[in-house]
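Asks: Provide a 3D model corresponding to the input given below.
(chains A and B)
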Amino acid sequence: MSRENTSTVVVLGGGHNGLTAAVLLAKAGRKVVVLEARETFGGLAARETFHPGYAAPGLHHDTRGVRAALVEELGLARHGLAFRKQPTKIHLARAGSEPIVLDALHASVSGVAQAEVERFAQWRGFLGRVGPALRAALDRPAPEPAGELLPLLEAGLRVRRLGRADMLELLRILPMCAADWMRDALTDERLRAGLALPAVEGSFSGPWSAGSAANLLFREVTSGNEIEGGAAALVDALVKAAKGFGAELRHGAPVRSISLRAGRVAGVVLESGEELACDSVLATCDPKQVFLDLIGAERLPVDLAQDLERVRARGTTAVVRLALSAPLALADGTAVEALRTGESLDAIERAYDAAKYRTVASEPVLDVRVFTGKPHAPSGHSVATALVHAAAFAREGGWDDDAREKLGDDAVRVLSSACPGLEAKLVAREVLTPADLSRRYRLTGGHIHHGEHALDQLLFMRPSTATARYATPIGGLFLGGSGSHPGGGLTCAPGALAAKAWLASR
Amino acid sequence: MPNATPFHPRTQALCQSYKWKDWSGYCAPCVYGMSPEREYNAIRNGAGLLDVTPLFKYDVSGKDAARFLSRVLSRDVRALKPGRMTYLCWCDDHGKVLDDGTCAHLGDGRSRLTAAAPALHWLMRHARRYDVTVADVSDEVAALALQGPTSRAILRDACGEVVDGLKFFGVATARIDGFEVVLSRTGYTGDLGYELWVDNAHALALWDALSAAGKRHNLEPVGLDALDISRVEAGFVLRGIDYTGANEALIEAQKSSPYELGLGWTVTLERDGEPFIGQAALEREKREGSAWALVGLDVDWPAIEALYAEHGLPPHVPSAAWRSMVPVYRDGRQVGRATSGTWSPTLKKNLALATVEASVSEPGTPLYLEWTVEWSRQVVPAVVTKTPFFDPPRKRA
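Replies: Numbering: from 1, shown residues only, chains lettered A, B, ... in the order given. The predicted structure follows:
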């Protein structure tokens, strides 16, 4: 093993977190090799042509969580990344009446009574006050677990600076369910459901599940401006930045295993049989895969293996992509950029119930993003990406073509009821069940966040207490994907924090 | 309430002392007569028959049995041939001993593990990742230890020439009066001896067959007191007495590694494939050295005589082995503790097993052992001695 080889950091996974880590490590002068199993970089954020002429800019379509400070630190503006000036308008469709329109930052709302607008403003006001303290906790390594929960919260979240009323409100909300919180804050059921929907995405929970409020809260306070051109634009900029700093990016390079020697990383073995000797691996694929598949439970310390086996990653989100010959429009002809279905909290809960009992919702709830015209589709045509709730990865009887087509039919039917005439515009569709997501993107359990966002799987417990601060008990092995704090979705945060932890360890 | 072993109808009838103790939930005779000396002498000069049914026994079978056992046990048993048994220990993640026992390859990919403490949960926790079946046969298989110089002759009379081919740590199947019994050339006495494993249904028939054959060869039923004397002479550690299983330790300091227990020779660090549980920690300890060492102590007899003489008493040692923690000193500083000891009737020596700081563990190192006479705590010289104290050639024959 040459010295040159051992000083290389091998980043597993060329998704947005892997690329983020690669940029920061290469920028610090380290030799970096990124190994991406697929032929394209970006993972769930990759641009994919799913029908000739129709490309969706990322399976994740919510770019609000990408941290502006990191974009700056990564120098992505130089590579063409720009934030949108005007947030996307999200339509909350409802049968037989005007839709509610929400901006993507959830900063303003229209289509509800004036009193509800004021209640919404009060709710936003609270988020605005607790936001900075929570963001501070979420954008740095999770605090070490020590002693009781309250001192931890006080130290980690700096809630004492909030004032008594907001601090107590925050402590009250954290273990709540999103539905109760929404019902406390707002009266319009359609608005409540529209706001709560993103919080249950990929979390094996419904709005009535305990802990869903924390999920909603963390999402809201970390939302910023969206990225122009969607997730794929972020990936394009990250790829250019990584190459610019000299990182070696390899695609079509799936990894079979991580080799250990005396409890430390010794290298990685590719599925091609190629071996790369290295003493550092920063893995951004999901943690269960890293430890249980790429290393193997039999090679791990017993407690570590058990902790990772216990991590819950039960996919509940499916994806439907539609190629349309026209923009997606409501009944009155209004073209929509984004749309959420699900008329009530109960409707979302019922959809989740199906996944809970290992089936598929026949009335799924959709979170849809539309990209119209070039470069996504031929001029005048559009592409719609829907995150579909809820479909169990572990569907009873397994997934087959019939089940996949039924899911696609149900999703299109639900969307058609909000957007009449949809079927006539449909050029093609692609349906990705959680099982398809698992295969295509190498996700344990088909889970888009690399592990559920549950109260016991966040902060210093993500993915497990021994691995929550990016370094792991395996010498030289770091985690830096969505399975690590602060979690899944497009943020760049786990990748950046992991790269910094790696640099700090040297 | 302790259970009766399948041999209870015989042991109960023979146990004139009425001294029983709870051994893993079974009642087991401490001594059959008034003193363990006669039974001890049977082990060393004739043969002793001991009910060891209370040992925990696990049968492991399936495609991955050897791989699985080698992951859990600190010894690599993948090379263990059918018809062989081996002594070993197993550790937690941190290389601290959970228990020690034996593993026998019974053939057809089936292995039997014996343990001093329940191990099923620990085994099952790891078994689910392997193609193996782990069966707890503790309550289904009865076991006898037949130990002593005449044990071979007794067994040959009882089951024929199968005994002749059975080497030290060999395992074979024999038939006695139409039922099957597994023989192993093993024991816990440091003498020539065998252990016999049989279905509960045939336990009494086995006892009777051995008793009948033993009539011509000075066979005595023996209890745990006599066993304890011989196992100290043989230098065998006892879980719960000489060390605390890592899963029962209350603090880190109560845990021990195999190296600290003198069981380093059973640890296979060099191996291909999966590491065993605790391997990384044990590699580190092997490299950096252990803090403690288990040693034998030869306790100075004239010094003990002198202590008793001060009180106008003749020297006295208990007829059974002792097992209380006793401080060990060097230059007035405590350097460890003796955990069990005995007067050795064969060697005519006062012996102890002790855990001491590694720096004072070289054979020949002079130490002091606390010795209490008439409620007065004194110390007597004790020299670090290689174990086993008693190691006759017939042990391996």
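
Asks: Measure how buried A:Gly246 is and give me the count.
Replies: 13 (other CB atoms under 10 Å in any protein chain shown). In short, each C-beta sits where N, CA and C put it, glycine included.

Asks: I figured it hits A:Lys27, correct?
Replies: No - A:Gly246 is beyond contact range of A:Lys27, at 9.2 Å (criterion: CB atoms under 8 Å).

Asks: who touches residue 129 in this structure?
Replies: Let's take chain A. A:Leu162, A:Gly163, A:Asp166 (CB atoms under 8 Å, 6 or more residues apart in numbering or on different chains).

Asks: wrong chain, I was asking about chain B
Replies: Per CB under 8 Å, 6+ apart, neighbours of B:Arg129: A:Ala297, A:Glu298.

Asks: sorry, back to before: what is the nearest of the contacts of A:Arg129 to chain B?
Replies: If you rank the contacts of A:Arg129 by distance to chain B using CB to the nearest CB, A:Leu162 comes first, at 41.0 Å.

Asks: list the contacts for that closest one?
Replies: A:Arg129, A:Val130, A:Ala133, A:Leu170.

Asks: Ok, A:Thr317 next?
Replies: With the criterion set at CB under 8 Å, 6+ apart, A:Thr317 makes contact with A:Glu201, A:Gly202, A:Leu387, A:Val388, A:His389, A:Ala390, A:Ala391, A:Pro434, A:Leu437, A:Ile448.

Asks: And for the residue in the stretch 151-300 of chain A that chain B sits nearest to, the neighbour number?
Replies: Using CB to the nearest CB, the closest approach of the stretch 151-300 of chain A to chain B is made by A:Gly263 at 3.7 Å. Neighbours of A:Gly263 under the rule other CB under 10 Å: 18.

Asks: Report the buried residues of stretch B:39-59.
Replies: B:39-44, B:46-59 (16 or more other CB atoms under 10 Å in any protein chain shown).

Asks: quick one: terminal-to-terminal distance for it?
Replies: Using CA to CA, to the nearest Å, the end-to-end distance of stretch B:39-59 comes out at 32 Å.

Asks: go on, stretch B:328-338?
Replies: Rule used - CA to CA; the end-to-end distance of stretch B:328-338 is 6 Å.

Asks: List the neighbours of it that are in contact with it.
Replies: B:292, B:297, B:325-327, B:352-357, B:360, B:365-370, B:379, B:382.

Asks: any idea how far the helix or strand hosting A:Leu437 is from the chain center?
Replies: A:Leu437 is located in helix A:434-441, with elements delineated by DSSP states H and E. Averaging C-alpha positions (CA atoms, centre = their mean, to the nearest Å) puts helix A:434-441 15 Å from its chain's average.

Asks: tell me what it is packed against?
Replies: strand A:317-324 (3 or more CB pairs under 8 Å, 6 or more residues apart in numbering or on different chains; DSSP states H and E).

Asks: tilt between the strand it packs on and helix A:434-441?
Replies: 80 degrees (axes from the mean of the first three to the mean of the last three CA atoms, to 10 degrees).

Asks: any chance you could read off phi and psi for the nearest residue to B:Gly264 once chain neighbours are set aside?
Replies: Closest residue to B:Gly264 apart from its sequence neighbours, by CB to CB, 6 or more residues apart in numbering or on different chains: B:Pro258 at 5.5 Å. Here is the backbone geometry of B:Pro258 (degrees, to the nearest 10): phi -60, psi -40.

Asks: so how far is chain A from B:Pro258?
Replies: Plainly put, B:Pro258 is 17 Å away from chain A if you go by CB to the nearest CB, to the nearest Å.

Asks: Please list all residues in contact with that residue.
Replies: B:Ser74, B:Cys89, B:Cys91, B:Gly95, B:Val97, B:Gly264, B:Thr266, B:Val267, B:Leu282.

Asks: And the helices in the stretch 251-397 of chain B, which stretches?
Replies: Using DSSP state H, counting those that start in this stretch, the helices found in the stretch 251-397 of chain B span residues B:279-288, B:301-310.
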